[in-house]
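Visitor: give the three-dimensional model of this entry:
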Amino acid sequence: MLRENPDAVDVRIYGTNVDRDAPALSACDVGEAEPRYVSDADYADFALDFCHRHRIDVLIPPRRLIALAGLSDAFAQAGTHLMVSPAASVELLTSKSRTYEAAAAAGVPVPRWRVVSDTEGFRDAVAELSAGGERICMKPAGEFSAFGFRILDDGPLLLQDLLAAPAPLASVPAVIDALKRAADEGEAIPEFLVMPYLEGPEVSVDCLSAPGGEMLTGIARSKQGRYRHLLDDPAITAIARRLVEHFELAYLSNVQIRHLHGEPVLLEANPRASAGIFQTTFTGLNLPWAAVRLLLRGDAGPLPAPRLGGRVAVVETVAEADGLPTPALTPALAPAPDTGVLADLDRARGAREAALHPHRADLLLGEATATAG
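Guide: Here you go, the predicted model:
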């Protein structure tokens, strides 16, 4: 979307990742590994040095925002415009519980929640929140919580469960046992959010806003399997607008909504672009480029009314991985000695493939978006 910008500006893209084998780096003109386990101060030093060495005009950080927020002047001295929201908002939004507290105070609908970090607090939270018969879930209260998300379910395992796709379930006794074991072994236990399990589909609102929080446009899209519906839902975008304005979010941000008893409530808000923002291109807008223009010129450019009401489908595609290092095989996957009939078959198959595809490159699965009517 940055290269295919409406102003026909020639854009050169630099990217970094903690994994130097990351496929995303192959889409960049210049890619470089970044430090993985370092302090915020060290990460900021790395980013400043990278921008200085490569004469970066615009830095759009997708992570480690706390390390960079508040350093706009330092980056400006290096000749780089930093696309980031106010440091206070970035810091607050990394905590799910503080986000809910602030959002509720601003009049944004939020679900009931409790913060726990021990067995007693967990038991009390589950008992209180499930008293009305609602299904309960839990997740880490920090910035990235998807991997720790669990739906609490004490029911028996059924045959249909064994035949269905795996679900992120955990029983209350199992969670209590895990928390108790961690406490007994002296492990540091992070805070968890316990709350009702919210109804789907999840709606993600990609927001473009000016410094100070004035929302210029927002694109709501719901996720149902491989389909993304581009929604024309003023109630949903009104929630996102209220949040963006209250937290004074700037440039690109993302607000996620689910439903409780049929009413939209806040799931979470992120002061950065979503991973799926590329899907909004089917509305006729180029949000990333509008944000760059806003940062550089103070003007987002023309923002026509988005085309809403349609849907797109996320489909698999392949891309050449030339230039990326070939991962080393683990001992369990290392090829066996060439012995016997199987080795002869492998050699024959390899010779045939080489003859049919002499220039064949390694292929890597990825995701792209296609219209679906």
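
Visitor: which residue packs closest to residue 52, ignoring adjacent ones?
Guide: residue 78 (4.5 Å; Cβ to Cβ, 6 or more residues apart in numbering). Bear in mind the C-beta positions are built from the backbone N, C-alpha and C, glycine included.

Visitor: the one you found reaches residue 48, doesn't it?
Guide: Yes. Between residue 78 and residue 48 there is a contact under Cβ atoms under 8 Å: 5.9 Å.

Visitor: which one's more surrounded, these two?
Guide: Between residue 78 and residue 48, counting by other Cβ atoms under 10 Å, residue 48 is the more crowded of the two (20 against 17).

Visitor: the more buried one touches residue 75, doesn't it?
Guide: Yes. Here residue 48 reaches residue 75: they are 6.6 Å apart, a contact under Cβ under 8 Å.

Visitor: doesn't residue 128 belong to a strand?
Guide: No. Per DSSP: H, G, I helix; E, B strand; the rest coil, residue 128 lies outside any strand segment and is helix.

Visitor: name the nearest residue to it, ignoring sequence neighbours.
Guide: residue 114 is the one closest to residue 128 (Cβ to Cβ, 6+ apart), at 6.9 Å.

Visitor: ok, the residue nearest the centre of the chain to residue 41 distance?
Guide: In the chain, the centroid-proximal residue (Cα atoms, centre = their mean) is residue 275; its distance is 5.0 Å. Separation of residue 275 from residue 41 (Cβ to Cβ, to the nearest Å): 27 Å.

Visitor: with residue 127 instead?
Guide: As for residue 127, its distance to residue 41 is 43 Å (criterion: Cβ to Cβ).

Visitor: can you give me the neighbour number for the residue nearest to residue 33 when sequence neighbours are not counted?
Guide: Distances taken as Cβ to Cβ, 6+ apart put residue 20 closest to residue 33, at 4.0 Å, once the chain neighbours are dropped. For residue 20, the neighbour count with other Cβ under 10 Å is 13.

Visitor: just the pLDDT for residue 20.
Guide: What the model reports as pLDDT for residue 20 is 86.

Visitor: hang on, it in a helix?
Guide: No. Under three-state DSSP, residue 20 sits outside any helix and is assigned coil.

Visitor: that one contacts residue 36, correct?
Guide: No. At 10.6 Å, residue 20 and residue 36 do not qualify as touching, with contact defined as Cβ under 8 Å.

Visitor: hey, where'd the helices end up in the stretch 201-350 of the chain?
Guide: 234-247, 287-297, 340-356 (DSSP state H, counting those that start in this stretch).

Visitor: can you show me the CA trace of the second one as PDB?
Guide: Right, helix 287-297. Taking Å, rounded to 0.1, in the frame of the first residue of the first chain, the C-alpha atoms of helix 287-297 are listed here in PDB:
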ATOM      1  CA  LEU A 287      -4.800   4.400   5.200                       C
ATOM      2  CA  PRO A 288      -1.100   3.800   5.600                       C
ATOM      3  CA  TRP A 289      -0.200   6.300   3.000                       C
ATOM      4  CA  ALA A 290      -2.700   8.800   4.300                       C
ATOM      5  CA  ALA A 291      -1.000   8.500   7.700                       C
ATOM      6  CA  VAL A 292       2.400   9.100   6.200                       C
ATOM      7  CA  ARG A 293       1.100  12.200   4.400                       C
ATOM      8  CA  LEU A 294      -0.400  13.400   7.700                       C
ATOM      9  CA  LEU A 295       2.900  12.900   9.500                       C
ATOM     10  CA  LEU A 296       5.000  14.600   6.900                       C
ATOM     11  CA  ARG A 297       2.700  17.400   5.600                       C
END
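
Visitor: packing partners of that helix?
Guide: Where contact means 3 or more Cβ pairs under 8 Å, 6 or more residues apart in numbering; DSSP states H and E, helix 287-297 is packed against strand 58-59, strand 199-209, strand 215-224, strand 251-260.

Visitor: let's see 7 Å
Guide: Applying 3 or more Cβ pairs under 7 Å, 6 or more residues apart in numbering; DSSP states H and E, we find helix 287-297 packed against strand 58-59, strand 199-209, strand 251-260.

Visitor: tilt between it and strand 215-224?
Guide: For helix 287-297 against strand 215-224, the angle between stretch directions is 160 degrees (axes from the mean of the first three to the mean of the last three Cα atoms, to 10 degrees).

Visitor: buried ones in helix 287-297?
Guide: Across helix 287-297, burial judged by 16 or more other Cβ atoms under 10 Å covers 287, 288, 289, 290, 291, 292, 293, 294, 295.

Visitor: kindly report the same for stretch 129-136.
Guide: Quick answer for stretch 129-136 (16+ other Cβ under 10 Å): 129, 134, 136.

Visitor: lowest-confidence member of those, which is it?
Guide: Lowest confidence among the buried residues of stretch 129-136: residue 134, with 93.

Visitor: what sits against that residue?
Guide: residue 196 (Cβ atoms under 7 Å, 6 or more residues apart in numbering).

Visitor: in the stretch 1-150 of the chain, where is pLDDT below threshold?
Guide: Scanning the stretch 1-150 of the chain for pLDDT under 70 picks out the ranges 143-145.

Visitor: in it, which spans are strands?
Guide: 14-17, 30-33, 58-59, 81-82, 114-116, 136-140, 150-152 (DSSP state E, counting those that start in this stretch).

Visitor: please identify which of those is closest to residue 253.
Guide: strand 81-82 (15.0 Å; Cβ to Cβ).

Visitor: pull the residues that contact the closest one.
Guide: Against strand 81-82 from outside (Cβ under 7 Å, 6+ apart): 57, 58, 59, 68, 71, 72, 75, 295, 296.

Visitor: gap between the nearest residue to the fifth one once chain neighbours are set aside and residue 56?
Guide: It stands for residue 71. In this structure, residue 71 finds its nearest non-sequential neighbour in residue 44, 6.0 Å apart by Cβ to Cβ, 6+ apart. As judged by Cβ to Cβ, residue 44 and residue 56 stand 14 Å apart.
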